[in-house]
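>>> Everything below, folded, please.
(2 chains)
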Number of protein chains: 2
Amino acid sequence: MRTTLRRVQANADEPHRVVIIGSGFAGLFAARRLARAPVSVTVVDQTMHHLFQPLLYQVATGILSEGEIAPATRDVLRRQANASVILGRVTGIDLEARTVTSRAIDRELVTSYDSLIVAAGAGSSYFGHDEFATHAPGLKTVDDALELRGRIFGAFEMAEIENDPQARPAWLSFVIVGAGATGVEMAGQIAELAHKTLRSDFRHINPADARILLVDAGPRVLPQFDERLSHKAADHLRQIGVEIHLNVRVTGVDQSGIDLVTEDAEHQRIEARTKVWAAGVQASSLGALLADAAGVPLDRGGRVPVMPNCSLSGRPEVFVVGDMMSLRDLPGVAEVALQSGRHAAGEIERRLAGGTAPAPFRYRDLGMLASISKNFAVAELGPIRIWGLAGWLLWLFVHLTFLTGFKNRISTLFHWAVSFIGRGRAERTTTVRESLVPVPGDDQLHRG
Amino acid sequence: MRTTLRRVQANADEPHRVVIIGSGFAGLFAARRLARAPVSVTVVDQTMHHLFQPLLYQVATGILSEGEIAPATRDVLRRQANASVILGRVTGIDLEARTVTSRAIDRELVTSYDSLIVAAGAGSSYFGHDEFATHAPGLKTVDDALELRGRIFGAFEMAEIENDPQARPAWLSFVIVGAGATGVEMAGQIAELAHKTLRSDFRHINPADARILLVDAGPRVLPQFDERLSHKAADHLRQIGVEIHLNVRVTGVDQSGIDLVTEDAEHQRIEARTKVWAAGVQASSLGALLADAAGVPLDRGGRVPVMPNCSLSGRPEVFVVGDMMSLRDLPGVAEVALQSGRHAAGEIERRLAGGTAPAPFRYRDLGMLASISKNFAVAELGPIRIWGLAGWLLWLFVHLTFLTGFKNRISTLFHWAVSFIGRGRAERTTTVRESLVPVPGDDQLHRG
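Sure, this is the predicted structure:
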């Protein structure tokens, strides 16, 4: 394949060039914040979409379509005349030459910047056990969500045709590793599938026989929340049929199950065909490059320590925001990403306007929410703790408000109505690739 | 992997066992027709969904989500107590032993039948050139539609970053092979994308520069329609920017383009990165097995010649329906599939009730419709020919009526409003696998 290079030439008349790596919350809100600034904005991402990551679990469990949580980035930025979007995986950043190199198929692109915002996010971390990944996908991308959708609905299908009574329980066992918000939400949704959605769908199995296990190395679920809410959440999870195993470490994951070690060093083996990894995150590997250049060590999650204004030490024109940023132990949540992205954009504007004193990033904590099942969520807003139906209504209100900026809010509302008022799931469809039939079908014969 | 066999034992008290292979229009409507019959119905399919195939082109071009046209088969048949659904690719039919063998992962299942309805449909045919498939996917499955969605939107993305003026046109060239309903609809939709949907989305290219070529070996578009409607359709396609090349044969398809030979034996090469194959269909390979057993030759499309009541010659308990059936030159359309599936089910009921004289299948032709763009469709209803806006309103009415049986009609309506009233497309999202970034991203690092 041919490789061509394009260099966007600097030129005196050209406006200040801001390159943003990543189109997640941090990248997108940085770009939007610069809509009226005298700059040109280029967003580079390896996907064509912005992703509303906190709702990925609803795509994985058949409530929403991928389009509803992942609008095309260039469609979102369509009316922002100073913004352009390019598809490509970033393969290099040259902090001296001030260029970003990206690739898509056989095209390598070198884009020059005057200011750079790095917001490439984080992926799943298997804590040195990358071999677990095949058997326990994470929940970070649209690919992940559709893969898990195929595995979860497919597992019930396999149980239905499994006539060996010894083998059937493994198909009906679901292990979710990690009891943070994503893990708790996945466990709650799989429980709803088993007890409600699929109730009348099968003839040879009772989907309610499914075992849903939520395991975590720590002592409680939702550790980022107040302890009282953790207990409320755990109680509700148990009530809807989720087994909670705390203080256990995962020592092995394979096709047919998972190995655990308890606090007392007791080994446990759980036969479970479906595993979901919601345990750890690892910031983009671009972080290593930046930390190296700045002479700072990456933190444990692979995040880059930054100055109080989110810039890279010694590089006032480079900002690291969102899940890649290590600053005052701020959590890796959407709201931090969004606000830090906006802050970095504001800092670029300030510098352009001749401002000298960097403004530190102040995170405005709007609270935390986790929805466990229909009619039950926990919420922590400063000193206020809400749970149950009230929490769930708050969750609904917050998400509806946020999604107002999304074109798909009407169909999202409809799909929520289907699953919250009814018992259905409108988006259960999987591809053959994601289903469990390994031999290509006749109508697949001609695919490469 | 272990292989276990399960044989559903016949037993005097057990009701008559009907096995249906395929959950498309023919299979699903056969199953539904038997809802109140004294039989047990088992539907076997390699996917978990029923597929509204005539709207696949709308999934490929970002109008609808896959869930909107492919509801879970077991959800559709949930309330039909005598029906069960099993996932599996059929690997064998034993007409003597009256069993169907299917596989899903490591499970092989042998299901006994008293009556069998084979409705496994058809895939794309490359007329002996299966090597074309990788470069020119067909449009027969959800996988196909999502693959094409990634390629079509991805091609515009690649054009945007392609700075070699020689190489850019190939990314903006789309060749659709086959000018039947699917080909015409795809060409019309890609033209709408280029001229309307994507109008303000790009900064370095003008999407309206896209070349959309519709090629066919025959002398006119929509050959199944009345010649006057073919001309109306061709005129409209040209008006919205589609180039029509008739009487040309495809002699080669590769990554960068397509080779054609005209009537006058003139060779043409078209550089085009995106190719769609809508030229031919080939019935499921299960047909060969059935034709062999019945001692009849397959027809040119791999379809099985059947008796006037849709049963296999010499096997009154076996029916072949839908796209696999060869009977009086009936076309391979949804309506034939649906009616022949119902007819076969009726024949089984008749035989069970002691009826002896087979009832021939009478196809009630409800007419043909093809929607070319927003506000323009052609329709042929017996002697009546309608085109333009009137045709399109009829198309809309027919599809809305049909989709009434579908849970997703409200979100479908919404998505149609988005693209028919507005200029948007709500379902453009592709996975990384389907997009054009070949190197796994950081957040993909841990996928197997």
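>>> Per-residue confidence, residue A:200, what does it come out as?
Note for residue A:200: predicted pLDDT of 89.
>>> What segments of chain A are helices?
For chain A, helices defined by DSSP state H occupy the ranges A:25-33, A:56-60, A:66-69, A:73-76, A:142-161, A:168-171, A:181-192, A:227-239, A:286-294, A:334-352, A:388-403, A:409-420.
>>> Now the last one: average pLDDT?
Okay, so that is helix A:409-420. 69.
>>> Check the first one too.
Mean pLDDT, taken over the full extent of helix A:25-33, equals 96.
>>> Same question for the second one.
Helix A:56-60 shows a mean pLDDT of 94 in the predicted model.
>>> re the thing from before, now the helices of chain A in CSV, with mean neighbour count and distance to chain B?
Yep, even glycine has a C-beta here, placed from its N, CA and C like the rest. Below are the helices of chain A laid out as CSV (neighbours: other C-beta atoms under 10 Å in any protein chain shown; distance: least, C-beta to the nearest C-beta, whole Å):
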stretch, mean neighbour count, distance to chain B
helix A:25-33, 26, 13
helix A:56-60, 26, 10
helix A:66-69, 27, 4
helix A:73-76, 24, 5
helix A:142-161, 24, 4
helix A:168-171, 20, 10
helix A:181-192, 26, 14
helix A:227-239, 18, 26
helix A:286-294, 20, 7
helix A:334-352, 23, 14
helix A:388-403, 16, 13
helix A:409-420, 20, 4
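>>> Compare the ones you listed and say which comes out lowest on pLDDT.
Of all the helices of chain A, helix A:409-420 has the smallest average pLDDT, which comes to a mean of 69.
>>> before we move on, the earlier item: would you reformat the helices of chain A as TSV and include distance to residue B:93?
Output for the helices of chain A, formatted as TSV (distance: least, C-beta to C-beta, whole Å):
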stretch	distance to residue B:93
helix A:25-33	53
helix A:56-60	36
helix A:66-69	37
helix A:73-76	48
helix A:142-161	18
helix A:168-171	26
helix A:181-192	36
helix A:227-239	46
helix A:286-294	55
helix A:334-352	52
helix A:388-403	49
helix A:409-420	38
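>>> show me what contacts the nearest residue to residue A:199 once chain neighbours are set aside?
In space, and not counting its chain neighbours, residue A:199 is closest to residue A:207: 6.5 Å by C-beta to C-beta, 6 or more residues apart in numbering or on different chains. For residue A:207, the contacting residues are A:156, A:172, A:193, A:194, A:195, A:198, A:199, A:201, by C-beta atoms under 8 Å, 6 or more residues apart in numbering or on different chains.
>>> Just want the residue of the stretch 1-150 of chain A that's nearest chain B.
Scanning the stretch 1-150 of chain A for the residue nearest chain B gives residue A:134, at 2.6 Å (criterion: C-beta to the nearest C-beta).
>>> Check that residue and give its pLDDT.
pLDDT recorded at residue A:134 is 92.
>>> Please report which of the contacts of residue A:207 has the highest neighbour count.
Among the contacts of residue A:207, residue A:193 has the most neighbours (other C-beta atoms under 10 Å in any protein chain shown), with 26 neighbours.
>>> doesn't residue A:58 make contact with that residue?
No: using C-beta atoms under 8 Å, residue A:193 makes no contact with residue A:58, being 11.8 Å away.
>>> got the residues of the stretch 251-400 of chain A near chain B?
A:284, A:285, A:286 (C-beta under 8 Å from any C-beta of the partner chain).
>>> switch to 10 Å and redo it
Contact residues (C-beta under 10 Å from any C-beta of the partner chain) of the stretch 251-400 of chain A with chain B: A:255, A:273, A:277, A:281-287, A:302, A:323-324.
>>> Could you export those residues as JSON lines, including distance to residue B:346?
JSON lines is the format used below for those (distance: C-beta to C-beta, whole Å):
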{"residue": "A:255", "distance to residue B:346": "45"}
{"residue": "A:273", "distance to residue B:346": "40"}
{"residue": "A:277", "distance to residue B:346": "51"}
{"residue": "A:281", "distance to residue B:346": "58"}
{"residue": "A:282", "distance to residue B:346": "60"}
{"residue": "A:283", "distance to residue B:346": "62"}
{"residue": "A:284", "distance to residue B:346": "60"}
{"residue": "A:285", "distance to residue B:346": "62"}
{"residue": "A:286", "distance to residue B:346": "64"}
{"residue": "A:287", "distance to residue B:346": "66"}
{"residue": "A:302", "distance to residue B:346": "64"}
{"residue": "A:323", "distance to residue B:346": "60"}
{"residue": "A:324", "distance to residue B:346": "63"}
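>>> just to revisit the earlier point, count of neighbours near the residue of the stretch 1-150 of chain A closest to chain B?
Count around residue A:134 with other C-beta under 10 Å applied: 13.
>>> ok now stretch A:42-61, how far from the chain's centre?
Mean-position distance between stretch A:42-61 and its chain equals 7 Å (C-alpha atoms, centre = their mean, to the nearest Å).
>>> And it, what's buried?
A:42-61 (16 or more other C-beta atoms under 10 Å in any protein chain shown).
>>> Might one say that residue A:189 is in contact with residue A:376?
No: using C-beta atoms under 10 Å, residue A:189 makes no contact with residue A:376, being 11.9 Å away.
>>> related to what we said a few turns ago, need the per-residue pLDDT for the residue nearest to residue A:199.
We have a pLDDT of 95 for residue A:207.
>>> again with the one 10 residues further on
At residue A:217 the predicted local distance difference test score is 95.
>>> Quick check on it: phi, psi?
phi -70, psi -20 (degrees, to the nearest 10).
>>> for residue A:256, same thing?
phi -100, psi -10.
>>> In contact with it, which residues?
Residue A:256 makes contact with A:135, A:167, A:170, A:269, A:270, A:271, A:272, A:273, according to C-beta atoms under 10 Å, 6 or more residues apart in numbering or on different chains.
>>> So the first one versus residue A:216, what's the distance?
Between residue A:135 and residue A:216 the distance, using C-beta to C-beta, to the nearest Å, works out to 18 Å.
>>> In terms of neighbours, single out the busier of these two.
Taking neighbours as other C-beta under 10 Å, residue A:135 and residue A:216 compare with residue A:216 leading, 25 against 20.
>>> Could you list the domains of chain A?
Domains of chain A are assigned by automatic domain parsing as A:2-46+A:88-124+A:282-352, A:130-279+A:374-421.
>>> got CSV for those domains, with distance to residue B:333 too?
Putting the domains of chain A into CSV (distance: least, C-beta to C-beta, whole Å) gives the following:
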stretch, distance to residue B:333
domain A:2-46+A:88-124+A:282-352, 37
domain A:130-279+A:374-421, 29
